[in-house]
Structure formats: C-alpha cells, structure tokens
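A.B. asks: got a structure for you, letters missing:
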C-alpha cells in the first residue's frame with residue numbers, strides 16, 4: 001500500500017522535531033555501574049562517614065513524606081508522646097516533637113515562633129543537612145529569646161535587604177530542618193491541649209506570602225526516619241550532590257565522590273560494594289560508640305555523649321585552628337539527631353551502656369538503677385531505653401519505653417530515692433510502675449536526661465550528687 005506524500009511529509013517533520021528536541025535538551029551523563037575496588041575501600045569508608053549525618057537528614061525528610069504525608073514547608077508535629085511505633089533516633093517520651101523540613105529553593109521562608117507561655121517548655125534548633133545547628137530556638141540562648149520572633153531562613157548567596165521585623169538565619173544549603181521539642185506541664189487532657197494549641201500558633205510560609213500554614217499531626221503512626229546502611233545510603237549522597245549547594249570546607253569530599261561513582265550530572269548505579277561499605281561504616285560507628293565520651297561521675301560508667309570539640313565548636317565541627325572533625329560528627333549522628341548550638345543549658349544528657357561490672361547491658365538480663373533523691377533538675381528527669389543494634393531506637397512492641405519523674409505512678413523509696421528496673425520481665429518484689437521492658441537477645445543503652453539542669457549537677461565537690469551504675473539482679 002502506498003503512503004501519500006502528505007503523510008510522508010508529516011512523518012519527516014515529526015522525526016525532525018524529535019531530533020531537534022533531543023539535541024537541545026541537556027542530557028545527564030550516564031556512568032556505568034561502578035564497583036568500589038579493594039584499593040578504594042578505605043577512601044569510600046571515609047566518604048561515607050563524612051556523609052553520615054546528611055544521609056540521616058534526608059532519610060528523615062523522606063520519612064516525613066512517606067510515613068506521615070508531610071511535605072516540605074509544612075509543620076509536622078506529634079500530638080502525643082513517642083512510643084515504640086516511632087523509630088526516630090534516641091527520642092524522649094515526655095515531650096511533643098516538631099520535625100519540619102524547610103526548603104528555600106524558591107526563596108526565603110519565614111518561621112514564626114510564638115512568645116513562650118507559662119508551663120509550656122520550648123527548645124529546639126534550625127539545622128542544616130549535616131546537622132549543624134544554625135540557631136537555637138527557645139529559652140535565653142534561643143534566637144527568639146523566649147519572647148517570640150519571625151525567623152527568616154535564607155538560601156545560599158541571598159543578598160537582598162532584610163526588614164528589621166525578621167531575624168535572619170542564613171544557610172549555605174537549600175534544605176534545613178526545624179527540630180523542636182515542646183514540654184507540656186503534664187500530659188493530662190488540658191495541659192496537652194494547651195501545648196498543642198501553642199504549636200498551632202507557629203507559622204511557616206514563603207517571604208512576602210500570606211499562604212496558610214499546613215499542620216500535619218503524626219499521632220502514633222509508624223514512623224521510621226533512621227538511615228539505612230545499605231545501597232540506599234549512597235543514593236542519598238548522590239541526591240545531595242545533584243540537588244544541593246555545599247560549603248567550601250566540603251569541596252574535597254565532593255570531588256572524591258567519583259571514587260564511589262558519584263559526580264554532579266552523572267547517573268549513579270550502586271551495587272553490592274556500596275552496601276558493603278555502608279555496613280562496615282555502621283559496624284565501625286557502633287564499635288566506636290562503646291567508647292563514647294568521658295566519665296562524668298567518679299567511679300561510674302556514665303559518660304558524656306559528645307566529644308569536647310563538639311560544644312566547643314557549637315557543633316560546627318570546625319575548631320579555632322580550622323581543623324574539620326567530621327569523623328567525630330559521624331560518631332555522634334549515627335545515634336543522635338538535632339544537636340543544639342548551646343549544649344547543657346536547657347538539657348543535659350549522659351549515656352549508660354555498662355553495668356557496675358563493666359559488662360554491656362543485655363536485653364536478656366534484668367537490672368536495677370537507683371536514682372538518688374534531690375535530682376539536680378529544675379524541671380524533671382527522664383531515662384529512656386534504646387536498642388543498640390538499630391542505632392538507638394525504642395524497642396519494638398513494648399508498652400513502655402522510658403520512665404521519668406513526671407510519671408504519676410512512680411514509687412519512691414523512704415529516703416526519696418527511686419529504684420528503677422530494666423529487663424524482659426519486672427522482677428519479683430519490685431513495682432511494675434518503675435519497670436521498663438527490654439526484648440530480644442541484643443544489647444541496649446540509655447540516656448539519662450536532666451531538663452533545666454541545676455548547677456549542682458556540675459559540682460566537683462566530694463559530696464556532689466552522683467548517679468550510680470546499673471546492677472544485675
């Protein structure tokens with residue numbers, strides 16, 4: 001059958017248009033799947049550790065959308081304390097959390113923080129993708145000073161004049177996160193409602209817009225923002241390289257990413273060698289966690305959760321001599337998130353992961369811990385239990401993940417001290433109200449938190465208040 005000249009011309013023109021479009025459209029360079037060679041293993045591990053907090057950052061941003069339906073520039077909050085359904089790293093269960101992903105690709109964003117109210121605690125930070133706190137929020141050290149403020153988060157290279165009604169927070173990245181904790185007076189119906197109403201006084205919108213703020217309540221939905229140490233680990237690194245601005249100090253690491261097959265405007269195809277590197281990094285970081293921090297109380301196994309360089313640099317990890325402590329950063333953020341710019345002002349933490357015999361805490365064993373009377377915390381104290389093998393999440397399928405001085409059913413001893421127990425089952429003769437269950441056959445650790453710590457906590461006197469070790473029952 002003959003094809004008319006009319007259809008031949010149409011076909012030719014369609015072919016010509018397709019050819020022109022293909023020529024004019026920028027094509028992303030394709031790189032063949034790159035297996036990390038044995039010679040490059042050490043370099044790949046260094047690159048993965050450098051990227052560790054950023055992978056956690058984007059994993060959380062993705063979980064906000066995937067698990068909670070919260071998009072960027074929407075305020076994701078939890079109207080209930082966290083339970084075992086929430087797999088955020090080392091959280092508390094006595095505060096309400098806000099995890100808001102902020103993007104400035106289209107220009108500055110305004111985050112309005114309301115004036116603090118009586119009986120409602122507020123503290124948090126605005127952080128960049130490497131978990132560097134740009135500014136704190138709440139309290140005397142917060143950029144808002146507790147009196148409320150309009151925070152203007154500006155993108156890289158932003159040089160326009162800014163009205164005095166705003167407090168600028170400049171970021172060298174387009175992505176930031178507002179990680180905020182709200183502490184109600186209690187968790188009874190009225191106090192909880194007051195705290196949620198306070199959250200809804202916050203606003204988030206583009207500069208110059210009257211766009212209504214969208215709030216998303218996480219409730220007790222399953223939520224898993226933990227970084228995964230598999231092939232997706234390097235996929236998030238590639239995502240960062242392709243979409244983000246970076247600091248000058250990180251340029252060397254960006255350039256070396258070709259070792260693992262990642263380069264700007266190139267497609268990336270991870271394989272098992274990338275997964276193997278991620279697993280090695282996880283194992284090394286967990287091993288390093290066993291020696292974290294410095295002893296805080298004499299003759300005890302309670303240690304500080306951070307290296308001295310971290311608070312000294314306000315968690316920028318760049319010291320006064322220009323040294324970049326990225327390995328220390330990786331060690332911290334494989335188990336933690338959202339470090340404050342000013343540590344130890346609103347809260348103070350210690351890590352407990354060994355008993356009085358220097359053995360690691362086992363999920364199969366039962367322990368007691370006695371908290372002496374007159375805990376040096378002006379607000380309250382809490383102790384949370386985390387599974388080490390997951391990097392620091394609550395155990396799954398347990399009814400209780402923590403104990404705090406806010407617990408109404410907490411039983412005290414005659415001298416005002418409190419004896420807590422931990423293990424698969426509450427031991428005979430001890431109150432169930434003072435027990436936190438553990439499950440499985442792995443290991444665990446705890447964070448003991450002081451909220452509004454008193455100066456006595458940091459005393460060096462011989463009769464100072466001290467916290468003893470876990471004792472196996």
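C.D. replies: Okay, I see it. These figures come from a predicted structure and were not determined experimentally.
A.B. asks: from the opening residue of stretch 405-420 to its closing one, how far?
C.D. replies: 11 Å (C-alpha to C-alpha, to the nearest Å).
A.B. asks: list the contacts of it.
C.D. replies: 94, 186-187, 368-375, 377, 380-383, 403-404, 430-431, 433-436 (C-beta atoms under 8 Å, 6 or more residues apart in numbering). (Each C-beta comes from the backbone N, C-alpha and C, glycine too.)
A.B. asks: and the strands in the stretch 51-200 of the chain?
C.D. replies: 75-77, 96-103, 109-113, 121-127, 133-137, 149-154, 166-170, 175-183 (DSSP state E, counting those that start in this stretch).
A.B. asks: looking at these, which is buried most?
C.D. replies: When those are scored by mean count of other C-beta atoms under 10 Å, the highest mean neighbour count falls to strand 121-127 (a mean of 25).
A.B. asks: surely residue 440 and residue 395 touch.
C.D. replies: Yes. Contact criterion C-beta atoms under 8 Å: residue 440 and residue 395 qualify, at 7.2 Å.
A.B. asks: higher neighbour count, the two?
C.D. replies: residue 395 (20 against 14; other C-beta atoms under 10 Å).
A.B. asks: in CSV: the strands of the stretch 51-200 of the chain, plus mean pLDDT and distance to residue 410.
C.D. replies: Formatted as CSV, these follow (pLDDT from 0 to 100; distance: least, C-beta to C-beta, whole Å):
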stretch, mean pLDDT, distance to residue 410
strand 75-77, 98, 27
strand 96-103, 98, 21
strand 109-113, 98, 32
strand 121-127, 94, 20
strand 133-137, 97, 30
strand 149-154, 98, 37
strand 166-170, 98, 39
strand 175-183, 96, 17
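A.B. asks: tell me the buried residues in the top helix by length along the chain?
C.D. replies: Ranked by residue count and defined by DSSP state H, the top helix of the chain is helix 41-68. Buried residues in helix 41-68, counted by 16 or more other C-beta atoms under 10 Å: 44-64, 67-68.
A.B. asks: next: stretch 365-373.
C.D. replies: If you call a residue buried by 16+ other C-beta under 10 Å, then stretch 365-373 has these buried ones: 365-369, 371.
A.B. asks: same deal with stretch 351-367?
C.D. replies: For stretch 351-367, by 16+ other C-beta under 10 Å, it's 351-355, 361-363, 365-367.
A.B. asks: then stretch 305-320?
C.D. replies: Neighbour count says stretch 305-320 has 305-307, 309-311, 313-318 buried, by 16+ other C-beta under 10 Å.
A.B. asks: still on that earlier bit, looking at the buried residues of stretch 365-373, which one is closest to residue 324?
C.D. replies: Within the buried residues of stretch 365-373, the smallest distance to residue 324 is 38.0 Å, found for residue 369 (C-beta to C-beta).
A.B. asks: quick revisit: quick one: list the elements packing against the longest helix of the chain.
C.D. replies: When contacts are defined as 3 or more C-beta pairs under 8 Å, 6 or more residues apart in numbering; DSSP states H and E, helix 41-68 packs onto strand 96-103, strand 175-183, helix 231-243, helix 251-256, helix 272-289, helix 326-333.
A.B. asks: possible to save those as CSV with distance to residue 114?
C.D. replies: Below are those laid out as CSV (distance: least, C-beta to C-beta, whole Å):
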stretch, distance to residue 114
strand 96-103, 12
strand 175-183, 11
helix 231-243, 32
helix 251-256, 39
helix 272-289, 37
helix 326-333, 29
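A.B. asks: which one of the ones you listed lies closest to residue 130?
C.D. replies: helix 326-333 (7.1 Å).
A.B. asks: just checking, next helix/strand downstream of the closest one?
C.D. replies: strand 347-352 (DSSP states H and E).
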